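Student: What follows is a predicted structure for the sequence shown.
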Amino acid sequence: MEHNRKELELVSVTKRYGTTVAVNKISHHFQPSGYACLLGPSGCGKSSTLRMIAGHESVTDGAILLGGTDISHLAPAQRGTAMMFQNYALFPHLSVAENVAFSLKMKGEDKAQRLSKAGEMLELVDLSALGDRLPDQLSGGQQQRVALARALITRPDVLLLDEPLSALDPFLRVRMRGELRKLQRELGISFVHVTHGQDEALALADEIVVMNNAVIEQAGPARDVFNAPKTAFVAQFIGSHNVVSLAQGRFAIRADAVQLTPADKGTLQGDITAVEYQGTHVSVHARIARDQEVMALIPDTIFFANPHNPGDLIGLHWDANDQHKLTA
Ligand SMILES: Nc1ncnc2c1ncn2[C@@H]1O[C@H](COP(=O)(O)OP(=O)(O)OP(=O)(O)O)[C@@H](O)[C@H]1O
């Protein structure tokens, strides 16, 4: 498949359902040929955003551009986007190959051509041997690959995926996310993937777009968002961070950036409230001034060289570089 670098852009996009504002004037330029994850809690507006990009939901206000062209009012099949649904939405009475070829049938392509293209797509997702089966004769992971092949057969510029891994068991989820990432690299098209799982977003995304309450809280490369969350919401949602109020303001500090010291040597002092062994690390919770709790993730060998218990008074230290000022 040819590499396609059309850029997807949201320009002040709003979605209202009656009086509910599901998406509130969001603007974002997606990286061309990138893997983007829209991440946020239930109800934040991520599915509405994806459905508007796909054309399955109308835009109340604003515009969606693909390669500089306004696609906001085009029918889904005319946009250059394709959507893979959470439940795969396969036709139970059609064979795997016919499911994959379905959209070409709608376009009026003849049977030989449809099935030849379906064969190519099945090869792409490693299902060549199963084209004659019915969907219910496949495993969950195989059904998902059929749904992917079906979406990709239209050769979209952008593939939209709505919680594509949530129907799979945890083991398969990790395997399939590796396959999605590999496929995106091979195809070189943009993927926009909706998830409420921060692990999934970190594992997959070049770019994470964190949504909350109908707006984008923060967007950027996955490592930037993880290292330097800009708001308390992002720090807490992405996890493994402390949000601490100090004299100079409110900060996010990664739990693995916090070191334990003797009580008289730390930047701050705290009483240990809990110690939890986690295999590679030990998580140590300590209560500091203003009744705030700080978590330190200490590598297990370092912790056990000098172990501590709940009730101990300790010092806490982190580098100034690891302290990120929060804007909200
Ligand atoms: N068809 C609809 N009619 C009315 N309100 C809707 C409709 N679809 C979504 N909403 C509301 O819009 C808001 C955003 O919903 P949306 O489905 O986009 O969020 P989400 O982040 O994808 O949530 P989830 O992860 O639970 O799917 C919610 O308050 C939801 O109740």
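Tutor: Everything's here; your move.

Student: list the contacts for the nearest residue to Thr231 once chain neighbours are set aside?
Tutor: Spatial nearest neighbour of Thr231, chain neighbours left out: Ala328 (4.5 Å); criterion: C-beta to C-beta, 6 or more residues apart in numbering. (Each C-beta comes from the backbone N, C-alpha and C, glycine too.) By C-beta atoms under 8 Å, 6 or more residues apart in numbering, the residues touching Ala328 are Lys230, Thr231, Ala232, Phe233.

Student: List, one by one, the residues from the stretch 1-150 of the chain near the ligand.
Tutor: Tyr17, Thr20, Ala22, Gly40, Ser42, Gly43, Cys44, Gly45, Lys46, Ser47, Ser48 (C-beta under 6 Å from any ligand atom).

Student: Make a markdown table from the contacts of Ala328 and add neighbour count to it.
Tutor: As requested, the contacts of Ala328 are exported to a markdown table (neighbours: other C-beta atoms under 10 Å):
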| residue | neighbour count |
| --- | --- |
| Lys230 | 20 |
| Thr231 | 18 |
| Ala232 | 18 |
| Phe233 | 19 |
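
Student: With secondary structure added, can I get the residues you listed in JSON lines?
Tutor: Formatted as JSON lines, the contacts of Ala328 follow (DSSP: H, G, I helix; E, B strand; the rest coil):
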{"residue": "Lys230", "secondary structure": "coil"}
{"residue": "Thr231", "secondary structure": "coil"}
{"residue": "Ala232", "secondary structure": "helix"}
{"residue": "Phe233", "secondary structure": "helix"}
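
Student: Which single one of the residues you listed is nearest to the ligand?
Tutor: Using C-beta to the nearest ligand atom, Phe233 comes nearest to the ligand of those, at 13.8 Å.

Student: ok, that closest one to Gln144 distance?
Tutor: Using C-beta to C-beta, to the nearest Å, Phe233 is found at 31 Å from Gln144.

Student: Please apply the same query to Asp132.
Tutor: For Asp132 relative to Gln144 (C-beta to C-beta), the value is 19 Å.

Student: do Val158 as well
Tutor: Val158 is 19 Å from Gln144, by C-beta to C-beta.

Student: now do Glu200
Tutor: Counting by C-beta to C-beta, the gap from Glu200 to Gln144 is 14 Å.

Student: out of Asp132 and Gln144, which sits in the busier spot?
Tutor: Using other C-beta atoms under 10 Å as the criterion, Asp132 and Gln144 rank with Gln144 on top: 23 against 10.

Student: Now that one: which helix or strand?
Tutor: Here Gln144, judged by DSSP states H and E, is contained in helix 140-152.

Student: in that helix, what counts as buried?
Tutor: Applying a neighbour-count criterion of 16 or more other C-beta atoms under 10 Å, one finds Gly141, Gln142, Gln143, Gln144, Arg145, Val146, Ala147, Leu148, Ala149, Arg150, Ala151, Leu152 buried in helix 140-152.

Student: give me every residue that touches the residue of the chain positioned farthest from its centre.
Tutor: Centroid-distance maximum for the chain: Asp264 at 42.2 Å, with C-alpha atoms, centre = their mean. By C-beta under 8 Å, 6+ apart, Asp264 lies in contact with Gly315.

Student: re earlier: let me know the average pLDDT across the helix holding Gln144.
Tutor: In this model, helix 140-152 carries a mean pLDDT of 90.

Student: Now do the following helix or strand past it: which elements does it pack against?
Tutor: Next in sequence after helix 140-152, counting helices and strands by DSSP H and E, comes strand 158-162. Contact partners of strand 158-162 among helices and strands, from 3 or more C-beta pairs under 8 Å, 6 or more residues apart in numbering; DSSP states H and E: helix 46-54, strand 81-84, helix 170-187, strand 190-195.

Student: can you tell me which residues contact Phe226?
Tutor: Leu202, Ile238.
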